[in-house]
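**Q** give me a 3D structure for the following:
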Amino acid sequence: MKLKLHHLNLCTTNVAAMDEFYKQVLDMETDPAMDSQRVKGQGYPGDVSFVTDGTTQVHLAEKDLNCGFRTNNIVNPMERGHIAFRTDDIAAFKKRLDDSGVAYSDYGGWAMSGWEQIFFYDPDGNVIEVHQAPE
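**A** Reported below is the predicted structural model:
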């Protein structure tokens, strides 16, 4: 099982302003392939801008305090944002969390087509996503 940093998700009340800032100040570019993978209406209808430096993505997402309630999950990844890692074996990673006694919210394929996503907290309460995506 491999893990690799995939993206940082920043939550905001003004996606357009964040998009402009990250593009103008940090020279990031829109990642058009990501928007076409979005699944809307399964718990997170918010606006998102996907930008990249060519290696790592930043997801600039509309803050959503009710996402956890709508999806019946404890962890709300759209409240304060999160850091995300991609794995090639989500089942093995879930077993690692279970064996370590780390509780997680299994969001399944709620936001991105083909992605299986789980979210959990680190010891300081930061939200971490681990997902598996089709090749």
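
**Q** quick check: next helix or strand after the one helix or strand in the chain whose mean pLDDT sits lowest?
**A** Taking mean pLDDT, DSSP states H and E as the measure, the helices and strands of the chain show their lowest mean at helix 32-37, namely a mean of 70. Past helix 32-37, further along toward the C-terminus, the next helix or strand under DSSP states H and E is strand 48-52.

**Q** list the strands paired with that next one, with their directions.
**A** Strands flanking strand 48-52 in the sheet, each with its direction: strand 29-30 (antiparallel), strand 57-62 (antiparallel) (DSSP bridges).

**Q** quick one: contacts of that strand?
**A** Outside strand 48-52, the residues that touch it by CB atoms under 8 Å, 6 or more residues apart in numbering are 15-16, 18-19, 22-23, 28-32, 34-35, 38, 57-62. In short, each C-beta sits where N, CA and C put it, glycine included.

**Q** which of those are buried? Put it as a PyMOL command.
**A** The following PyMOL line selects those of these that are buried, judged by 16 or more other CB atoms under 10 Å:
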select buried, resi 15+18+19+22+28+31+34+57+58+59+60+61+62
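
**Q** quick one, what contacts residue 83?
**A** Residues in contact with residue 83 (CB under 8 Å, 6+ apart) are 5, 7-9, 126-129.

**Q** in TSV: these, plus neighbour count.
**A** Below are the contacts of residue 83 laid out as TSV (neighbours: other CB atoms under 10 Å):
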residue	neighbour count
5	12
7	21
8	14
9	20
126	12
127	21
128	17
129	24
